[in-house]
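> Turn this into a model:
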Amino acid sequence: MKTKPIRSLLTLMAVLCAASAMARARTIARPQYVWNSTEGLEVESITLSDTATTVAILYTGRPKERFSIAPTTALTATGGPSYPLLRAYGIEPGKKVRLPESGQLRLSLVFKPVAEGTSKVTLCETATPRKRGKTIAGIRLDGQLPPLALPKGVGELPDDTASPLPEPTYKYGVAKVNIHLQEYQPSMDGISVRWKQLGIFQPNISVLQPVGIDSTGCSTVSLPVAATTPLVFRASPWPYDIICYAEAGRTTDIYVSLRELSRRSSALHKGDRSHGPIAYFSGPHALLAQELTDNPNPWLSLWNQEGIEHWSAERYAEHVENLHRERSRRWGKLPVSRATREVEAMTNDFELLSNLEMGTAALRNARLNNGVMSSEEDTQEFYYSLQDSMRSHMKSCGALKSLNNPKALFSTGYSSWIGFYPDDMLIKAFGTNKGTYFTDKKAGDLFQKIAWEHTALTAADRQTMDSLPASYREYLEEANDSLLQEKADRERRAMAMLRQTPAAPDSLLLDSIVARYKGKAVVVDMWYTRCGHCIRGFQDTKAIRDEMAGRGVVFVYLDNTDWSSTDAWKYLAGDLKGEHYRLPLRQWKHILENDYHGTGAPTYGFYYRTGRLRNVHCGYMDAPLYKKQLTKLLEK
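As a prediction, the model looks like this:
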């Protein structure tokens, strides 16, 4: 029988088939992508064949950290089918593994083969829209990412780099800012947009505020303005500031490049060629916004400077002034417009003032923390001598004069200094008691009275307003009218919810208050009216509090009469449904420090229905964490 030739033929055919399969396999090394939800998670390669699609993953984390991949992980073609996970190498789906001492884990995920011609896929750990895990979106299977598709004219900025910075526009009206997240997909639920306006009329909230994102990736902010106003946006989780300008009756559009933000945060791709700026602008002062956003030039923190515990105030000031000069030199080498240089020069001055102002605390803390100075030596005389030395350097360095620059409104650092220093100190620095700064300070003081203290304008206030620009007067009148419309109703509601404080010693006061609500879950919220994080918490958790009140949770609010004006308390408390107690500072501090071991507001105490304290949280709580705490209270 001629078996050998037949076997040889079969072997040859098998080899040819294998070779053919290998020929059809294609590997894309380090594929580019648009967005990655998980820091440290990278796709090293994707291999495509007729039988499977294999994704080689590298995860970099902490040694001994636990890591897992869900069995529901899938590849999804944009607008097309989903390809489930078949098997994995280096990890068992659904089970956690510990990272080795190197902190790196390599694994391979094998999926059903993607359809021929597929150009991009999304790797998603779960197919449930309401609970997504690790996600890498827009992974390219055809090589590099194509050019970013921007609307016509966007990115084509004027080439007038020689013109000086213009005067701010003083006009009252509504400004609109649109944020467009380029290449956004609804599955990118790890992205959020936050913003803050940096003009002189700032709300009593010191942190960036969230704004919703629609299904197309667009966020819109509308705000009243009285003059050219700088704003800062962030597309989280990325730490980059996006600066723009708003003016009355005008629209600013910002096109955010998710691919570039992701590249910069990727250990595997951050050395690759840039995809371009992180944002593109159209609208008022677009060139200025583009150049400031493209060229962040932050000061480095001085708190951990080596050897700072041995520095004198003069050595610290000299170091800070050298940093100021070095930053000016760096900007001098950048290819930016004259207008941008003017803005940066003012901002650099304000940063110098900030670091000199912080010098007192920096030197004091460094000496205490490193044992160079004892607590007995930490006297008021020592503190004030340092402060006087720093203030002396502020007066002599020339940076204070930028506060009275007529164009200071363009700087993102200007508004935080309004009202910070005594007027007599600034009059000496400016050589005059007139100018932009004093006008803006008057307007800012009146706005704080309305928006922070919730107190209506008086006849004397209106006399002060007469000297302000017309746009400022319109802004303040509108804010005052809005306050008056709401004030009466809020005050009535607040007084109806105010409770008599129990006649108990300080050591038993908190227990006496909580005991009134035994049988119900209780949240004690310690706050005061000028606490920005308290007010932000009220805004962010309003819907949750309304929902939980219907499920039997009682909200008890403790503020103190020393740090909260009566008018402000009535206005804010009128919008906080619950039980209110107004305590003198002594009792409020006793509860905060002795019962809750807290250091400031907001501080929350969470109690079971039995009256037993479950836990205490000091500081701001976001809405998801707040709801989780309340849900736990109702489980027992």
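
> what about residue 46, which helix or strand?
Per DSSP states H and E, residue 46 falls inside strand 41-48.

> If you could redo that for residue 625, that was the one I meant.
Going by DSSP H and E, residue 625 is in helix 623-633.

> And the pLDDT at the closest residue to residue 62 other than its chain neighbours?
What sits nearest to residue 62 in space, not counting adjacent residues and going by C-beta to C-beta, 6 or more residues apart in numbering, is residue 103, at 5.7 Å. Any C-beta I mention is one placed from the backbone N, CA and C, and that applies to glycine too. For residue 103, the model assigns a pLDDT of 94.

> I'd like the average pLDDT over the helix holding residue 625.
91.

> where's the residue nearest to residue 62 relative to residue 123, distance?
Going from residue 103 to residue 123 by C-beta to C-beta, to the nearest Å gives 21 Å.

> same deal with residue 91?
Residue 91 is 14 Å from residue 123, by C-beta to C-beta.

> Then residue 381?
Separation of residue 381 from residue 123 (C-beta to C-beta): 62 Å.

> residue nearest the centroid of the chain?
residue 208 (5.0 Å; C-alpha atoms, centre = their mean).

> OK, contacts around the closest residue to that one other than its chain neighbours?
Once flanking residues are discounted, residue 208 sits nearest to residue 194: 3.7 Å by C-beta to C-beta, 6+ apart. If a contact means C-beta atoms under 8 Å, 6 or more residues apart in numbering, then residue 194 has 208-211, 233-234, 236 as its contacts.

> Low-confidence ranges, the chain, go.
1-24, 127-132, 300-301 (pLDDT under 70).

> Select the longest helix from it.
Counting residues, the longest helix in the chain under DSSP state H turns out to be helix 338-369.

> Flag every buried residue along it.
339-360, 362-364, 366-367 (16 or more other C-beta atoms under 10 Å).

> how about a markdown table for the contacts of residue 194, with secondary structure added?
Shown next, in a markdown table, are the contacts of residue 194 (DSSP: H, G, I helix; E, B strand; the rest coil):
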| residue | secondary structure |
| --- | --- |
| 208 | coil |
| 209 | strand |
| 210 | strand |
| 211 | strand |
| 233 | strand |
| 234 | strand |
| 236 | strand |
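
> Any chance of the residues you listed in a markdown table with distance to residue 420 as columns?
Below are the contacts of residue 194 laid out as a markdown table (distance: C-beta to C-beta, whole Å):
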| residue | distance to residue 420 |
| --- | --- |
| 208 | 21 |
| 209 | 23 |
| 210 | 28 |
| 211 | 29 |
| 233 | 25 |
| 234 | 25 |
| 236 | 29 |
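
> Let me know the closest of these to residue 504.
residue 209 (39.1 Å; C-beta to C-beta).

> Quick one: residues contacting the closest one.
Listed by C-beta under 8 Å, 6+ apart, the contact set of residue 209 reads 194-196, 536.

> Pull the helix or strand hosting the residue nearest to residue 208 out as CSV, backbone CA atoms only.
Under the criterion of DSSP H and E, residue 194 resides in strand 192-197. Presented in CSV, the C-alpha positions along strand 192-197 are these (Å, rounded to 0.1, in the frame of the first residue of the first chain):
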residue,chain,number,x,y,z
SER,A,192,-17.3,64.5,33.5
VAL,A,193,-17.1,68.2,32.7
ARG,A,194,-16.6,70.8,35.5
TRP,A,195,-16.2,74.5,35.3
LYS,A,196,-15.8,77.7,37.3
GLN,A,197,-16.0,81.4,36.4
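
> I figured residue 548 hits residue 632, correct?
No - look at residue 548 against residue 632 with C-beta atoms under 8 Å: they stay out of range, at 11.6 Å.

> from the chain's centre, how far out does the helix or strand that residue 494 is a member of sit?
Here residue 494 sits within helix 470-497, counting by DSSP H and E. Relative to the centre of its chain, helix 470-497 is centred 29 Å away, using C-alpha atoms, centre = their mean, to the nearest Å.

> can you check stretch 439-456 too?
Taking mean C-alpha positions (C-alpha atoms, centre = their mean), stretch 439-456 and its chain are 26 Å apart.

> Between residue 91 and residue 123, which is the more surrounded one?
residue 123 (24 against 19; other C-beta atoms under 10 Å).

> That one touches residue 42, doesn't it?
No - the pair residue 123 / residue 42 is not scored as a contact, 11.1 Å apart, by C-beta under 8 Å.

> Tell me which residues touch the closest residue to residue 527 other than its chain neighbours, please.
Leaving aside its sequence neighbours, residue 527 sits nearest to residue 534 (C-beta to C-beta, 6+ apart; 3.9 Å). Residue 534 is in contact with 525, 527-528, 601-602, counting by C-beta under 8 Å, 6+ apart.

> Try it again at 6 Å.
Residues in contact with residue 534 (C-beta atoms under 6 Å, 6 or more residues apart in numbering) are 527, 601-602.

> Check residue 385 too.
So residue 385 contacts nothing (C-beta under 6 Å, 6+ apart).

> and it, what element?
Assigned by DSSP H and E, residue 385 falls in helix 380-397.

> how big is the angle separating that helix from helix 338-369?
If you take axes from the mean of the first three to the mean of the last three C-alpha atoms, to 10 degrees, helix 380-397 sits at 160 degrees to helix 338-369.

> Pull out the buried positions in helix 380-397.
By neighbour count on 16+ other C-beta under 10 Å, the buried set for helix 380-397 is 386-387, 389-391, 393-394, 397.

> and what of stretch 438-445?
Result for stretch 438-445 [16+ other C-beta under 10 Å]: buried residues 438-444.

> can you check stretch 455-474 too?
Buried, per 16+ other C-beta under 10 Å, within stretch 455-474: 455, 457, 461, 465, 468-469, 471-474.

> now those residues as TSV including distance to residue 61?
Below are those laid out as TSV (distance: C-beta to C-beta, whole Å):
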residue	distance to residue 61
455	52
457	56
461	57
465	57
468	55
469	55
471	52
472	52
473	56
474	54
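
> just those now: which is nearest residue 584?
Taking C-beta to C-beta as the measure, residue 584 sits nearest to residue 455 out of the buried residues of stretch 455-474, at 21.5 Å.
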